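**Student:** what follows is a predicted protein model with its sequence.
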Amino acid sequence: MTDFAATRCLFHLPEGMIYLDGNSLGPLPKSAAERVAAMMRDEWGEMLIGGWNRAGWMAQPMALGDRIGALIGAEPGHVTVGDTLSIKVYQALAAALAMTDRKVILSDNGNFPSDLYIAEGLIGTLGRGHELRVVEPEAVEDTLDESIGVLMLTEVDYRTGRLHDMKGLTEKAHALGIVTVWDLAHSAGALSVDVSGTRADFAVGCTYKYLNGGPGAPAFIYVAPRHAETARPALCGWLGHEAPFAFDPDYRPGAGVERMRVGTPPILQFAALNAALDAWDGVDMADLRAASQRLSERFIAEVEARTDLVLASPRDPARRGSQVSFRHPDGYAVMQALIARGVIGDFRAPDILRFGFTPLYLGEEEVVEAAAILSEILTTGTWDRAEFHQRQAVT
Ligand SMILES: Cc1ncc(COP(=O)(O)O)c(C=O)c1O
Ligand SMILES: Nc1c(O)cccc1C(=O)C[C@H](N)C(=O)O
C-alpha cells in the first residue's frame with residue numbers, strides 16, 4: 001500500500017494554501033533546492049566542463065528517461081528527456097508522418113493548442129499537401145479510416161479531463177495502418193499508463209505537472225522499440241548524432257531514441273527533476289489512481305451538494321484523468337476569488353474552472369474545504385468584485 005502521508009512530507013506546500021493546480025505546475029519537492037545547490041556547488045562549481053564526464057551529465061537524458069519510462073510502462077532505454085514538450089510533439093509527429101504516404105493527421109479539439117499549432121506549422125514546412133483534421137473528442141473513433149496517416153491525441157483533455165481509450169484507439173488505428181502519437185502531459189504521474197502494452201508508436205509528455213519537475217522542466221519522448229532504429233528525428237541536432245564528438249559534417253542518427261535528443265541538455269533542471277522523481281519510489285500506480293478517483297469523486301459530490309455548478313468532466317471516474325472541471329459563465333472571476341481565498345485551481349476559456357487531484361500531496365479534508373470555500377464564494381457573490389475580473393497575463 002502506498003504511504004501518501006509520507007509522500008506528502010516530501011513537498012513544500014505553502015501554509016494556508018489548498019493546491020489544486022498540480023495538473024499545471026507541481027509543487028516544490030523539499031529536496032530539490034539542496035539537490036540543485038549541490039549540483040551547482042560540487043559539479044558546475046568544482047568540475048566545470050569536466051562535469052559532462054565526471055558527473056555524468058551527458059548520460060542524464062537517458063537515465064532520467066528510464067525513471068520516467070518506469071512510470072509510463074516504457075521498455076528501458078526507449079525514453080529520452082530534454083527540450084520542451086512542443087518540440088517533442090514536433091519531432092514525434094514529423095517522425096510519424098515520415099512513416100506513411102498518407103497525408104491526413106487526425107486530432108481532436110480537446111487537444112492542447114500547442115500540439116495543433118505544431119501540426120499546422122509542420123504541415124506548412126513540409127509543403128506536401130498534408131491536412132490536419134480536427135474533430136470532437138467523441139468523434140475520433142468513428143473518423144478513423146484508411147485516409148488517415150497519423151492519429152495525434154492528448155490522452156487526457158486539458159479542459160474537461162476526458163480520457164481517451166488509448167489502447168482501443170491505438171488498436172483500431174493500427175488495424176487501419178495509422179501511426180499513433182500520444183501526448184501524455186496530463187497522464188504521466190496522474191494515472192497508470194502503459195505505452196508498451198497499448199503499443200503506442202510515439203509518446204511525449206512534460207515533467208512540470210504531475211511529475212513535479214518545476215517550471216520549465218524538460219519534456220520526454222518515447223519511441224516504440226520497433227521504430228527506434230528507423231524513426232527520422234526531423235530536428236537533427238548534434239546530440240542526436242551517432243557520434244557527436246566526431247564533429248562529422250554529415251548527420252547520422254544516434255542509436256534508438258537517443259536520436260531524438262537535439263542540443264545541450266538542461267542540467268540544472270535535471271537536478272530538480274531527479275529530486276522530484278524520488279517521490280515516486282514506492283508509489284503503486286494502482287493506489288495512486290484509486291486515491292485520485294476518491295479525491296475527485298469527493299470533490300464532485302461536495303461541490304454538487306453545495307452549488308449549482310455544472311460538471312464539465314465525464315461523470316464516470318474511469319473516463320476522467322486526474323482533474324475535475326466545472327462550468328461557470330464568469331469562471332475567470334470565480335477562480336480569481338477562489339485563489340484570493342487560498343484555493344488554487346485555474347481557469348480555461350471560455351468558462352472552465354479546473355481542479356487537479358494529486359494524491360502524492362493532497363488529502364480529502366482539503367478537498368472538502370476547497371468545495372466549502374467555492375460554495376461560499378458563489379453564494380455570497382464575492383466573486384463579482386471588480387478586482388476579480390481583471391485579467392492576469394497567465395491564467
Ligand atoms: C497536452 C499539452 N501539450 C503541450 C503542451 C505544451 O508544453 P510546453 O509548453 O512544455 O511546450 C502542454 C502544456 O503547456 C500540454 O498540456
Ligand atoms: N506550461 C505552462 C506555462 O509555462 C505557464 C502556464 C501554464 C502552463 C501549462 O502547462 C498549461 C497547461 N498545459 C494546461 O493544461 O493548461
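**Tutor:** Happy to help now that I have it. Ligands and ions are numbered 1, 2, ... in the order given.
**Student:** now the helices for the stretch 251-395 of the chain?
**Tutor:** Using DSSP state H, counting those that start in this stretch, the helices assigned to the stretch 251-395 of the chain run over residues 267-278, 285-306, 331-340, 364-380, 386-389.
**Student:** can you tell me the average pLDDT over the last one?
**Tutor:** When pLDDT is averaged along helix 386-389, the result is 95.
**Student:** before we move on, back to that, out of the helices of the stretch 251-395 of the chain, which is closest to V195?
**Tutor:** The minimum distance between V195 and the helices of the stretch 251-395 of the chain falls on helix 285-306, with 13.1 Å, by Cβ to Cβ. Backbone N, C-alpha and C define where each C-beta goes, glycine included.
**Student:** how far off centre is that closest one?
**Tutor:** Distance of helix 285-306 from the chain centroid (Cα atoms, centre = their mean, to the nearest Å) equals 20 Å.
**Student:** C-alpha coordinates for it, CSV please?
**Tutor:** Output of helix 285-306 as CSV, limited to C-alpha atoms (Å, rounded to 0.1, in the frame of the first residue of the first chain):
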residue,chain,number,x,y,z
MET,A,285,0.2,3.5,-9.7
ALA,A,286,-3.0,1.5,-9.0
ASP,A,287,-3.0,3.0,-5.5
LEU,A,288,-2.4,6.5,-7.0
ARG,A,289,-5.3,6.1,-9.4
ALA,A,290,-7.7,4.8,-6.7
ALA,A,291,-6.7,7.7,-4.4
SER,A,292,-7.1,10.3,-7.3
GLN,A,293,-10.6,8.9,-8.0
ARG,A,294,-11.5,9.0,-4.4
LEU,A,295,-10.4,12.7,-4.1
SER,A,296,-12.1,13.7,-7.4
GLU,A,297,-15.4,11.9,-6.5
ARG,A,298,-15.5,13.5,-3.1
PHE,A,299,-14.9,17.0,-4.6
ILE,A,300,-17.7,16.5,-7.2
ALA,A,301,-20.1,15.3,-4.5
GLU,A,302,-19.2,18.2,-2.2
VAL,A,303,-19.5,20.8,-5.0
GLU,A,304,-22.7,19.5,-6.3
ALA,A,305,-24.3,19.2,-2.9
ARG,A,306,-23.4,22.9,-2.1
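**Student:** show me what that helix is packed against.
**Tutor:** strand 323-327, helix 364-380 (3 or more Cβ pairs under 8 Å, 6 or more residues apart in numbering; DSSP states H and E).
**Student:** list the buried residues of it.
**Tutor:** Neighbour-count burial for helix 285-306, counted by 16 or more other Cβ atoms under 10 Å, picks out 285, 288-289, 291-293, 295-300, 302-303.
**Student:** circling back: to E141, which of the helices of the stretch 251-395 of the chain lies closest?
**Tutor:** Once the helices of the stretch 251-395 of the chain are compared by Cβ to Cβ, helix 285-306 is nearest, at 23.1 Å.
**Student:** what angle sits between the closest one and helix 364-380?
**Tutor:** Helix 285-306 and helix 364-380 are oriented at 30 degrees to each other (axes from the mean of the first three to the mean of the last three Cα atoms, to 10 degrees).
**Student:** tell me what angle helix 285-306 forms with strand 323-327.
**Tutor:** Helix 285-306 and strand 323-327 are oriented at 20 degrees to each other (the same axes, to 10 degrees).
**Student:** helix 285-306 - what's its average pLDDT?
**Tutor:** For helix 285-306, the mean pLDDT works out to 98.
**Student:** now swap in stretch 27-36 and tell me
**Tutor:** Mean predicted confidence for stretch 27-36 is 98.
**Student:** so which bits of it are buried?
**Tutor:** Using 16+ other Cβ under 10 Å as the test for burial, stretch 27-36 gives P27, L28, P29, S31, A32, R35, V36.
**Student:** in helices, which of these fall?
**Tutor:** Residues of these located in helices (DSSP state H): S31, A32, R35, V36.
**Student:** which one among these gets closest to ligand 1?
**Tutor:** A32 (18.5 Å; Cβ to the nearest ligand atom).
**Student:** any idea how far D281 is from that closest one?
**Tutor:** 15 Å (Cβ to Cβ, to the nearest Å).
**Student:** quick revisit: so for N109, which of the helices of the stretch 251-395 of the chain sits nearest?
**Tutor:** Of the helices of the stretch 251-395 of the chain, nearest to N109 by Cβ to Cβ is helix 331-340, at 18.5 Å.
**Student:** what residue in this structure comes nearest to ligand 2?
**Tutor:** Taking Cβ to the nearest ligand atom, the chain has Y158 as its residue nearest ligand 2, at 3.6 Å.
**Student:** for that residue, the count of nearby residues, please.
**Tutor:** Neighbours of Y158 under the rule other Cβ atoms under 10 Å: 24.
**Student:** list the contacts of the closest residue to it other than its chain neighbours.
**Tutor:** Once flanking residues are discounted, Y158 sits nearest to F112: 5.1 Å by Cβ to Cβ, 6 or more residues apart in numbering. Neighbour list for F112: T154, Y158, D183, A185 [criterion: Cβ atoms under 8 Å, 6 or more residues apart in numbering].
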